[in-house]
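S.K.: got a structure for you, letters missing:
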């Protein structure tokens with residue numbers, strides 16, 4: 001028990017100053033309702049005498065769990081943490097930074113710790129950061145009260161106060177549909193523990209829009225917490241805040257140096273190309289080129305809008321298009337042509353990944369960007385481009401380019417495999433998905449639930465609701481439409497000599513396998529069932545070169561391997577045989 005900090009659980013919860021205590025992890029549990037992209041974990045920590053489950057792990061440390069580095073019986077040092085009152089009834093410890101002193105597989109349970117029971121005398125007004133007492137939150141010398149870290153917020157709390165910096169503020173957006181009209185704006189908040197999005201509707205939009213300024217710090221309380229809509233944000237939080245008529249928003253003019261300015265979760269471009277479309281991501285890259293500003297007619301709003309396409313690249317030697325809209329497109333100032341090899345760096349928060357031209361990025365109302373931000377990633381990118389990148393511009397692979405027969409697809413290493421290797425090699429079990437190329441034959445299509453009626457908007461593929469009055473409702477777009485479009489979500493069994501595998505094929509890949517379009521199938525489904533069935537029957541026993549994505553996913557506490565067909569191409573036997581000959585030659589040399 002000497003290896004653990006004695007009485008540290010009790011002392012931390014009481015609000016005492018404990019400098020980097022050493023404790024033991026006895027258990028962990030993913031909190032119910034957590035989204036797979038931003039899991040929240042509750043920990044059971046022990047000091048050998050007492051243990052407590054009133055511990056949350058900050059989202060940025062989740063990779064320690066998913067990678068298996070942090071496991072039961074591990075001895076850890078809490079390098080940075082917060083401990084705050086929740087509803088003035090209970091104190092929650094939020095672990096922000098930790099070090100693994102001894103791995104779990106090399107340890108055993110220390111002592112026989114008893115659960116520590118919090119009492120009213122534990123409810124002190126001090127918070128703890130880095131083991132140091134923090135004063136009560138103050139604003140212009142007025143006492144605000146105990147501050148809750150954003151990472152500790154949950155819908156089960158009735159009263160909370162957060163102190164956070166506005167990192168991004170959207171413009172006001174209006175809507176009009178069968179249910180009425182309205183307007184909203186949103187802004188993103190960040191403190192040392194996490195970040196969260198705040199949305200204001202209608203009257204609150206009027207009340208708070210002029211008050212909220214990007215870069216400023218505010219106290220916010222008496223607001224509503226609800227499940228986050230991940231379709232519109234890359235923020236890693238299961239919840240978002242909605243301000244209401246009782247909400248309090250107060251500017252903070254002192255003690256703000258400890259509040260970060262912005263938090264990015266950058267993804268390299270070559271990894272972006274492997275992700276599912278419509279997710280929101282952060283990216284930092286060099287601007288290689290920019291198109292002239294164009295004027296187009298928006299299908300959704302039926303009005304003119306400005307757009308501009310950038311080509312951006314990073315050290316992965318991969319480039320991608322980034323589309324800017326409206327004022328963002330008009331306000332971007334680029335260096336004059338012929339001004340040397342120095343390029344601007346753009347850092348984007350919450351860009352939407354689309355499948356236009358293979359893969360591309362687009363700014364949305366929730367996006368923000370900085371040009372040449374004062375961060376280390378920007379300096380590294382500039383140095384890379386000045387010393388290497390500009391000399392190898394011709395070698396940079398664009399997202400629209402794909403060599404289906406090669407060992408690299410869209411800049412991502414993709415190995416040739418046989419189907420039995422998916423299970424034998426435990427593909428998809430790691431933090432990131434595995435990609436593989438296989439030559440396989442279609443054995444069977446599952447027709448049931450293979451199609452659905454989707455939103456007709458170009459940028460939206462969500463399922464619509466038939467209102468039975470000639471209208472189709474899209475809840476994502478908050479609009480009623482006169483029609484819909486058919487979308488395919490096809491379950492396919494493919495096989496090679498080594499075995500078989502069920503895979504999911506979406507729109508383009510499914511149309512390739514069925515040798516028809518979703519619209520044609522939809523028409524046949526309602527008019528000619530025999531011909532509809534024939535389309536599925538004609539597609540079996542045909543061979544393709546498949547690019548597959550394998551990833552273990554958890555849904556409703558059930559873990560299973562999901563294999564997705566990213567693309568399917570008819571076999572070019574000349575190229576395929578050449579590859580086989582090359583492989584045989586390599587083996588014979590060995």
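M.R.: Looks like it arrived, so ask away. Worth saying up front: this structure is predicted, and the values here are computed from it rather than measured.
S.K.: from here on, contacts and neighbour counts on C-alpha atoms
M.R.: Will do.
S.K.: For residue 526, give its distance to residue 469.
M.R.: Noted for residue 526: a distance of 18 Å to residue 469, by C-alpha to C-alpha, to the nearest Å.
S.K.: I misspoke; the intended subject was residue 511.
M.R.: Residue 511 is 30 Å from residue 469, by C-alpha to C-alpha.
S.K.: The two: which is more packed in?
M.R.: Neighbour tally, residue 511 and residue 469, criterion other C-alpha atoms under 10 Å: the higher count belongs to residue 511, 19 against 7.
S.K.: now for the helix or strand where the more buried one lies, which elements pack on it?
M.R.: Here residue 511 sits within helix 507-514, counting by DSSP states H and E. When contacts are defined as 3 or more C-alpha pairs under 8 Å, 6 or more residues apart in numbering; DSSP states H and E, helix 507-514 packs onto strand 485-496, helix 529-538, strand 558-570.
S.K.: helices or strands up against the last one?
M.R.: Judged by 3+ C-alpha pairs under 8 Å, 6+ apart, the packing partners of strand 558-570 are strand 499-506, helix 507-514, strand 543-555.
S.K.: List the residue ranges of the stretch 101-250 of the chain that fall below the pLDDT cut-off.
M.R.: 119-142, 144 (pLDDT under 70).
S.K.: And stretch 259-267, what's buried?
M.R.: 259-263, 266 (16 or more other C-alpha atoms under 10 Å).
S.K.: next one: stretch 55-73
M.R.: Neighbour-count burial for stretch 55-73 [16+ other C-alpha under 10 Å]: 55-61, 70-73.
S.K.: Strands - which of these land there?
M.R.: Among the buried residues of stretch 55-73, the members found in strands (DSSP state E) are 55-57.
S.K.: Where does pLDDT dip in the stretch 251-400 of the chain?
M.R.: 255-258, 298-302, 335-341, 357, 394-395, 400.
S.K.: In it, what residue spans correspond to strands?
M.R.: For the stretch 251-400 of the chain, the strands defined by DSSP state E, counting those that start in this stretch cover 280-290, 294-297, 304-313, 318-325, 345-354, 360-362, 368-371, 397-398.
S.K.: same question, the stretch 51-200 of the chain
M.R.: 75-86, 90-102, 114-115, 127-129, 132-134, 137-139, 142-145, 161-169, 173-177, 180-190, 195-201.
S.K.: ok, and the closest non-adjacent residue to residue 55?
M.R.: Using C-alpha to C-alpha, 6 or more residues apart in numbering and skipping the chain neighbours, the partner closest in space to residue 55 is residue 93 (4.7 Å).
S.K.: One more: residue 421?
M.R.: residue 427 (7.7 Å).
S.K.: The one you found: how many residues sit nearby?
M.R.: 20.
S.K.: was I right about it contacting residue 549?
M.R.: No. Residue 427 is not in contact with residue 549 according to C-alpha atoms under 8 Å; the separation is 9.3 Å.
S.K.: Next one, pLDDT for residue 407 please.
M.R.: Per-residue confidence (pLDDT) for residue 407: 40.
S.K.: oh, I was asking about residue 88
M.R.: In this model, residue 88 carries a pLDDT of 54.
S.K.: What residues sit buried inside the longest helix along the chain?
M.R.: Taking DSSP state H as the assignment, the helix of the chain that covers the most residues is helix 573-589. Neighbour counts using 16+ other C-alpha under 10 Å place no residue of helix 573-589 among the buried ones.
S.K.: Off-centre distance for that helix?
M.R.: 40 Å (C-alpha atoms, centre = their mean, to the nearest Å).
S.K.: cool, and stretch 321-331?
M.R.: In terms of C-alpha atoms, centre = their mean, the centre of stretch 321-331 is found 22 Å from the chain centre.
S.K.: what about it, how long is it end to end?
M.R.: Termini of stretch 321-331 sit 18 Å apart (C-alpha to C-alpha).
S.K.: Residue 325 bridge partners, please.
M.R.: residue 307 (DSSP bridges).
S.K.: can I see the domain layout of this structure?
M.R.: Annotated domains of the chain cover 8-134, 139-251, 269-398, 408-585 [automatic domain parsing].
S.K.: weakest of the helices and strands packed on helix 507-514 by average pLDDT?
M.R.: When mean pLDDT is averaged over each of the helices and strands packed on helix 507-514, strand 558-570 scores lowest at a mean of 86.
S.K.: In its sheet, which strands sit next to that strand, and in what direction?
M.R.: strand 499-506 (parallel), strand 543-555 (antiparallel).
S.K.: tell me which of the ones in strands among the buried residues of stretch 55-73 is nearest to residue 22?
M.R.: Nearest to residue 22 out of these is residue 55 (C-alpha to C-alpha; 14.5 Å).
S.K.: How about the contacts made by the closest one?
M.R.: 42-45, 92-95 (C-alpha atoms under 8 Å, 6 or more residues apart in numbering).
S.K.: Bridge partners for it, pull those for me.
M.R.: Under the criterion used (DSSP bridges), residue 55 bridges to residue 43, residue 93.
S.K.: How far off centre is whatever helix or strand comes next after the helix holding residue 511?
M.R.: Downstream of helix 507-514, the first helix or strand assigned by DSSP H and E is helix 518-527. Relative to the chain's own centre, helix 518-527 is displaced by 35 Å; criterion: C-alpha atoms, centre = their mean.
S.K.: buried stuff in helix 518-527?
M.R.: In helix 518-527, counting by 16+ other C-alpha under 10 Å, buried: 518, 521-522, 524.
S.K.: Same list (those) but as JSON lines, adding pLDDT and distance to residue 172.
M.R.: Putting the buried residues of helix 518-527 into JSON lines (pLDDT from 0 to 100; distance: C-alpha to C-alpha, whole Å) gives the following:
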{"residue": "518", "pLDDT": "88", "distance to residue 172": "37"}
{"residue": "521", "pLDDT": "91", "distance to residue 172": "41"}
{"residue": "522", "pLDDT": "89", "distance to residue 172": "38"}
{"residue": "524", "pLDDT": "90", "distance to residue 172": "44"}
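S.K.: and for stretch 62-78, what are the contacting residues?
M.R.: Under C-alpha under 8 Å, 6+ apart, the answer for stretch 62-78 is 4, 20-28, 39-41, 95, 97-109, 430-431.
S.K.: what are the ranges of the helices in the stretch 351-500 of the chain?
M.R.: 376-387, 420-424 (DSSP state H, counting those that start in this stretch).
S.K.: For residue 148, the count of nearby residues, please.
M.R.: Residue 148 has 24 nearby residues by other C-alpha under 10 Å.
S.K.: actually residue 569, sorry about that
M.R.: That count, for residue 569 with other C-alpha under 10 Å as the rule, works out to 16.
S.K.: Quick check: bridge partners of it?
M.R.: residue 545.
S.K.: Let me see the contact set for it.
M.R.: 404, 512, 544-546.
S.K.: Make TSV out of those residues and add pLDDT and distance to residue 153.
M.R.: Output for those, formatted as TSV (pLDDT from 0 to 100; distance: C-alpha to C-alpha, whole Å):
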residue	pLDDT	distance to residue 153
404	35	46
512	87	46
544	92	49
545	90	48
546	91	44
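S.K.: which of those tops the neighbour count?
M.R.: The contacts of residue 569, ranked by neighbours (other C-alpha under 10 Å): first place residue 546, 24 neighbours.
S.K.: before we move on, back to that, and the contacts of residue 569, which two are the farthest apart?
M.R.: 404 and 512 (14.8 Å).
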